[in-house]
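Engineer: The following comprises the amino acid sequence and a computationally predicted model.
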Amino acid sequence: MSLPPLVEPADELTIDEVRRYSRHLIIPEVGMAGQKRLKNAKVLVIGAGGLGSPALLYLAAAGVGTLGIVEFDTVDESNLQRQIIHGQSDVGKSKAQSAKESILETNPNTNVVLHETRLDNDNVFEIFEQYDLIVDGTDNFATRYLVNDAAVLLGKPYVWGSIFRFDGQVSVFWAEHGPCYRCLYPEPPPPGMVPSCAEGGVLGVLCASVGAAQVTEALKLLTGIGDPSLGRLNIYEALDLNWRTLKVRKDPNCAICGENPTVTELIDYESFCGAITEEAADAAAGSTISVKQLSEWIKLKDNGEKDFQLIDVREPNEYEINRIPGSVLIPKADFQTGVALEKLPQDKQLVFHCKSGVRSAEVLAIVKGAGFSDAVHVGGGVVAWVDQIDPSQPAY
C-alpha cells in the first residue's frame with residue numbers, strides 16, 4: 001500500500017547538496033522533490049548500537065536533515081564487532097557523542113540532536129513529538145512495547161527491526177494505516193524464554209543487513225515512494241541469504257489499536273515484560289549473594305573452612321570466553337529438562353551463577369523446588385565478577 005510522503009519538501013537544495021546527492025537526484029522516483037523532503041525530514045533513531053549504527057550512517061548519507069539519537073550507554077570494546085559507527089578510540093566514550101562525530105564526518109549538513117537519556121514513560125512523548133518518523137533499534141521487550149504504545153498514542157509511524165544470531169526481522173508499524181507491534185506480538189515472551197543478543201550472540205554483519213532494510217523503509221515513508229512494509233513482517237535468514245515475508249493483519253482486538261482498546265495510556269513496561277519470573281524472584285529473595293561475598297567464600301573454601309559447589313548455568317561458548325574459578329558448567333536447559341538434578345551433589349551447598357543473574361535465578365527456582373533449600377545464586381553474575389573482582393578476564 002503506497003502512502004503520501006510524510007514530510008513536505010524543503011525550499012531548496014544548495015549547490016553543494018545537489019553535488020552530494022546527485023545519484024539520488026537522477027532517480028526519477030526520488031528526484032529533486034524527494035531529496036528536498038529528506039532534507040526537511042526529522043527522524044529519531046532509538047539506540048546507537050547494532051541496528052542504530054548502520055541506520056544512522058545511512059540516514060545521514062541519504063540527506064535526512066535532522067537526526068535524533070536516544071542513547072545513554074558508553075562504548076565498550078565488545079560493541080565494535082557490530083556497532084560500526086564507533087571505533088577503537090571511542091571506547092569509554094558516550095555512544096551518543098561518538099555517533100554524532102561519525103555522522104558529521106559522513107555528512108556535515110546533518111543536524112544531530114542528542115537525547116542522552118534512557119527512554120521511559122516520563123520523556124517518551126516529549127521526545128517523539130519532535131520527529132516525523134521513529135526508527136527502533138532497541139534490544140529489549142520493555143522498550144519495544146513502550147515505543148509502540150507511544151507511537152500509537154501520538155499517531156506516529158515507526159520502523160522496527162530485530163536481530164539474533166543469524167536472523168533478523170523488519171517491519172513498519174503505523175496504527176492509522178495498518179497493524180502495530182502489539183497486533184503481531186500481543187504479549188511479550190515469558191521472562192528468560194528468549195535470550196538477548198548479549199546472551200545468545202549476533203553475527204556482526206547481520207546488523208548491516210537489517211539496519212539497511214530499516215533505512216530503506218524509512219526513506220520510502222519520508223519520500224512517498226514504493227510500497228512500505230505496513231502489514232508485512234520481513235524475515236531475513238543470513239545463513240541461507242534468504243528473505244521471507246509474512247502478512248500481518250491489524251488485530252481488531254488489539255489492546256491499544258483495536259476497536260475497544262484497553263491500553264489508553266502508558267503502562268509499567270518493566271512489570272509487563274518482567275525481567276524474571278515471579279518464581280525466580282521469590283527464589284532469589286534472601287538467597288542472593290554478591291560477587292564480593294563469593295570471592296570471600298572461595299577463599300574460605302581454599303582454606304578448608306567452607307564447602308560448596310559453584311555451578312555456571314550459561315552456554316558452553318560463553319564458558320569459553322570467561323569464567324569464575326572453580327565453577328562447573330551445567331547449562332540452564334539441563335535444569336529445565338530435569339537431567340541436571342541427578343548431577344547435583346547432595347552434601348554441599350549449591351551456588352549458581354550466569355552472565356548477569358537472570359538465568360541463575362530461574363535455575364535457583366527449579367532447584368529449590370526440588371528440595372535444595374539452602375541453594376543461592378550470584379547477583380550480577382560473571383559481568384559483576386569481571387568488573388569488581390577479576391578485570392584481567394575478557395568482558396562480553
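Structural biologist: On my side now, so go ahead. Numbering: from 1, shown residues only.
Engineer: mind checking the SS state of Cys183?
Structural biologist: helix (DSSP: H, G, I helix; E, B strand; the rest coil).
Engineer: Check what pLDDT the closest residue to it other than its chain neighbours gets.
Structural biologist: Once flanking residues are discounted, Cys183 sits nearest to Asp251: 4.1 Å by CB to CB, 6 or more residues apart in numbering. Where C-beta positions appear, they are placed from N, C-alpha and C, glycine not excepted. Note on Asp251: pLDDT of 96.
Engineer: Asp251 should be in a strand, yeah?
Structural biologist: No: under three-state DSSP, Asp251 falls outside any strand and is assigned coil.
Engineer: Neighbours of it, how many?
Structural biologist: Asp251 has 17 neighbours, counted by other CB atoms under 10 Å.
Engineer: now swap in Asn140 and tell me
Structural biologist: Asn140: 16 neighbours (other CB under 10 Å).
Engineer: What of Phe372?
Structural biologist: The number of residues packed near Phe372 is 19, by other CB under 10 Å.
Engineer: Could you give me the buried positions within the helix or strand harbouring Ile298?
Structural biologist: Element membership for Ile298, per DSSP states H and E: helix 291-302. Neighbour counts over helix 291-302 (16 or more other CB atoms under 10 Å) mark Val291, Leu294, Ser295, Trp297, Ile298 as buried.
Engineer: mind listing what the closest residue to the second one other than its chain neighbours touches?
Structural biologist: Leaving out its chain neighbours, the residue that sits closest to Leu294 by CB to CB, 6+ apart is Val378, at 5.4 Å. By CB atoms under 8 Å, 6 or more residues apart in numbering, the residues touching Val378 are 288-291, 294, 324, 351-353, 357, 360, 384-385.
Engineer: Out of the residues you listed, name the two that are farthest from one another.
Structural biologist: The span of these, defined through CB to CB, is set by Thr288 and Ile324 at 15.4 Å.
Engineer: which one of these two has more residues nearby?
Structural biologist: Each of Thr288 and Ile324 has its neighbours counted (other CB under 10 Å); Ile324 has more, 21 against 17.
Engineer: what about the closest residue to that one other than its chain neighbours, is that helix, strand or coil?
Structural biologist: Nearest non-adjacent residue to Ile324, counting by CB to CB, 6+ apart: Trp385, 5.3 Å away. Counting by three-state DSSP, the backbone at Trp385 sits in helix.
Engineer: How confident was the prediction at Trp385?
Structural biologist: For Trp385, the model assigns a pLDDT of 94.
Engineer: And it, how far from Leu114?
Structural biologist: The gap separating Trp385 from Leu114 is 33 Å, by CB to CB, to the nearest Å.
Engineer: Ala212 too?
Structural biologist: 23 Å.
Engineer: quick one: least confident helix or strand in the protein?
Structural biologist: helix 197-200 (a mean of 66; mean pLDDT, DSSP states H and E).
Engineer: Just the C-alpha atoms of the helix or strand following that one, please, in PDB.
Structural biologist: Note on helix 197-200: by DSSP H and E, the next helix or strand toward the C-terminus is helix 206-223. Extracted in PDB, the C-alpha atoms of helix 206-223 (Å, rounded to 0.1, in the frame of the first residue of the first chain):
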ATOM      1  CA  LEU A 206      23.600  -9.000  10.300                       C
ATOM      2  CA  CYS A 207      23.200  -5.600  11.800                       C
ATOM      3  CA  ALA A 208      24.100  -4.000   8.500                       C
ATOM      4  CA  SER A 209      21.600  -6.100   6.500                       C
ATOM      5  CA  VAL A 210      18.700  -5.400   8.900                       C
ATOM      6  CA  GLY A 211      19.700  -1.800   9.600                       C
ATOM      7  CA  ALA A 212      19.900  -1.000   5.900                       C
ATOM      8  CA  ALA A 213      16.500  -2.500   5.400                       C
ATOM      9  CA  GLN A 214      15.100  -0.300   8.100                       C
ATOM     10  CA  VAL A 215      16.600   2.800   6.400                       C
ATOM     11  CA  THR A 216      15.100   1.700   3.100                       C
ATOM     12  CA  GLU A 217      11.700   1.600   4.700                       C
ATOM     13  CA  ALA A 218      12.300   5.000   6.400                       C
ATOM     14  CA  LEU A 219      13.200   6.600   3.100                       C
ATOM     15  CA  LYS A 220      10.200   5.200   1.300                       C
ATOM     16  CA  LEU A 221       7.900   6.600   4.000                       C
ATOM     17  CA  LEU A 222       9.600  10.000   4.100                       C
ATOM     18  CA  THR A 223       9.500  10.500   0.300                       C
END
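Engineer: Check which residues of helix 206-223 are buried.
Structural biologist: 206-223.
Engineer: in a helix, that's where Ala340 is, yeah?
Structural biologist: Yes: assessed by three-state DSSP, Ala340 belongs to a helix.
Engineer: Once you drop chain neighbours, what's closest to it?
Structural biologist: That would be Asp334: by CB to CB, 6+ apart, it lies 3.7 Å from Ala340.
Engineer: State the mean pLDDT of the helix or strand where that neighbour lies.
Structural biologist: Element membership of Asp334 [criterion: DSSP H and E] is helix 332-337. The pLDDT scores in helix 332-337 average 92.
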